[in-house]
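Engineer: Compute the structure for the input listed below.
(one chain, ligands or ions: 2)
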Amino acid sequence: MSNPEAPILITGAAQRIGLHCAERLLGDGHPVIISYRTERESVERLRKRGATALQADFSTTDGILAFIEAVHAHTGQLRAIVHNASDWLSEKPGHEAETFQQMFQVHMLAPYLINLRCAELLKYGGPADIVHIGDDVTRKGSAKHIAYAASKAGLENLTLSFAALLAPTIKVNGISPAMIQFNSGDDEAYRRKALAKSVLGLEPGPEVVYLSLRHLLDNPYITGTHITLNGGRHLI
Ligand SMILES: NC(=O)C1=CN([C@@H]2O[C@H](COP(=O)(O)OP(=O)(O)OC[C@H]3O[C@@H](n4cnc5c(N)ncnc54)[C@H](OP(=O)(O)O)[C@@H]3O)[C@@H](O)[C@H]2O)C=CC1
Ligand SMILES: Nc1nc2c(c(=O)[nH]1)N=C([C@H](O)[C@@H](O)CO)CN2
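Structural biologist: Ligands and ions are numbered 1, 2, ... in the order given. A predicted model of the protein is given here:
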């Protein structure tokens with residue numbers, strides 16, 4: 001029996017995919033708690049729809065721990081935790097160690113600590129999920145986003161460990177997108193090249209991530225699995 005009062009926590013939901021999923025979950029009638037790093041008009045829009053918005057920067061361990069404390073201060077139960085917060089950093093000459101550390105912090109340490117210290121909130125007596133938003137790029141790595149890809153591969157492994165640890169009370173799965181949504185600075189040449197990397201050749205938009213999230217939340221028999229959302233990139 002799902003408790004309609006148990007909120008869904010989604011990190012990094014001030015824009016793009018996270019924002020879309022938060023808005024769709026609110027539309028489904030779920031209470032929502034989001035984390036955001038930078039205040040935006042979209043955060044106020046979510047507040048007006050009843051969401052709880054907690055400011056958080058996962059680039060430091062203290063920032064992660066402060067966020068976890070804030071979650072516990074705001075709720076005694078959670079229906080799901082969606083780890084969406086992410087930075088897509090490429091290697092910067094002379095700043096490689098900093099880049100690696102930042103990728104590890106947001107894609108691995110934050111999900112790791114939040115899962116360990118918020119799992120008790122998911123044990124409210126009904127269906128419970130953790131969803132890691134990864135990246136299809138873990139299939140083969142990335143010459144241009146080395147630390148990013150490695151940290152997303154680590155996140156995928158966290159899915160397996162937490163699925164084993166938290167069963168049967170909590171399901172733990174991943175969603176592995178490829179090209180979902182361009183960034184405003186992506187030029188025509190980049191867009192053409194990115195679309196040519198999959199057999200479907202689409203920029204599908206954030207709804208396809210929401211549909212995968214909905215599927216994982218609604219299906220009681222899926223855990224330790226990753227849903228690949230890549231338009232058939234692996235076929236090229
Ligand atoms: N968009 C795409 O095509 C693809 C996306 N994905 C994955 O899907 C998810 C959503 O993608 P997308 O919507 O593009 O994500 P974004 O790049 O828009 O990032 C989402 C949010 O993460 C927040 N964030 C970044 N770093 C930190 C940090 N250190 N601490 C706290 N919050 C942080 C950002 O906050 P702020 O705005 O304040 O900086 C941002 O709003 C991500 O996990 C991404 O890796 C995977 C493949 C393709
Ligand atoms: N945090 C983010 N991660 C990723 C993004 C993004 O915008 N923010 N974008 C991509 C690309 O779309 C890539 O999949 C194109 O091949 C990857 N990760």
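Engineer: only C-alpha atoms for contact and neighbour calcs from this point on.
Structural biologist: Will do.
Engineer: name the element Gly154 belongs to?
Structural biologist: Element membership for Gly154 (DSSP states H and E) is helix 146-166.
Engineer: Pro168 too?
Structural biologist: Going by DSSP H and E, Pro168 is not part of any helix or strand.
Engineer: Leu116 and ligand 2, how far apart?
Structural biologist: Counting by Cα to the nearest ligand atom, to the nearest Å, the gap from Leu116 to ligand 2 is 23 Å.
Engineer: what's that residue in contact with, if anything?
Structural biologist: Going by Cα atoms under 8 Å, 6 or more residues apart in numbering, Leu116 touches no other residue.
Engineer: Give me the mean pLDDT for the helix or strand encompassing it.
Structural biologist: Assigned by DSSP H and E, Leu116 belongs to helix 110-122. Averaging pLDDT along helix 110-122 gives 98.
Engineer: now check the very next helix or strand once past it, is it near ligand 2?
Structural biologist: Downstream of helix 110-122, the first helix or strand assigned by DSSP H and E is strand 129-133. No. Using Cα under 6 Å from any ligand atom, strand 129-133 stays clear of ligand 2, with a minimum separation of 9.5 Å.
Engineer: what's near enough to touch the residue nearest to Val106 when sequence neighbours are not counted?
Structural biologist: Take Val106 and drop its neighbours on the chain: the residue closest to it by Cα to Cα, 6 or more residues apart in numbering is Phe58, 5.5 Å away. Taking Cα under 8 Å, 6+ apart, we find Phe58 in contact with 64, 105-106, 110.
Engineer: Next one: Phe58 relative to Gln101, how far apart?
Structural biologist: Distance of Phe58 to Gln101, given as Cα to Cα, to the nearest Å: 11 Å.
Engineer: so where's the longest strand in this structure?
Structural biologist: With secondary structure taken from DSSP state E, the chain has its longest strand at strand 171-177.
Engineer: for whichever helix or strand comes after that one, which positions count as buried?
Structural biologist: As assigned by DSSP H and E, the chain's next helix or strand after strand 171-177 is helix 188-195. Residues 194-195 are the ones in helix 188-195 that count as buried (16 or more other Cα atoms under 10 Å).
Engineer: Switch the contacts of Phe58 over to CSV; also include secondary structure and neighbour count.
Structural biologist: Converted to CSV, the contacts of Phe58 look like this (DSSP: H, G, I helix; E, B strand; the rest coil; neighbours: other Cα atoms under 10 Å):
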residue, secondary structure, neighbour count
Ile64, helix, 21
Gln105, helix, 21
Val106, helix, 26
Ala110, helix, 25
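Engineer: among the residues you listed, which are in reach of ligand 1?
Structural biologist: Restricting these to contacts with ligand 1 (Cα under 6 Å from any ligand atom) yields Val106.
Engineer: any idea which of the contacts of Phe58 is closest to ligand 1?
Structural biologist: Val106 (5.0 Å; Cα to the nearest ligand atom).
Engineer: isn't the closest one right up against Asn84?
Structural biologist: No. Using Cα atoms under 8 Å, Val106 is not in contact with Asn84; the gap is 9.5 Å.
Engineer: List, one by one, the residues from this structure near ligand 1.
Structural biologist: Going by Cα under 6 Å from any ligand atom, the residues of the chain near ligand 1 are 12-18, 36-38, 56-59, 84-87, 106, 133-135, 177-182.
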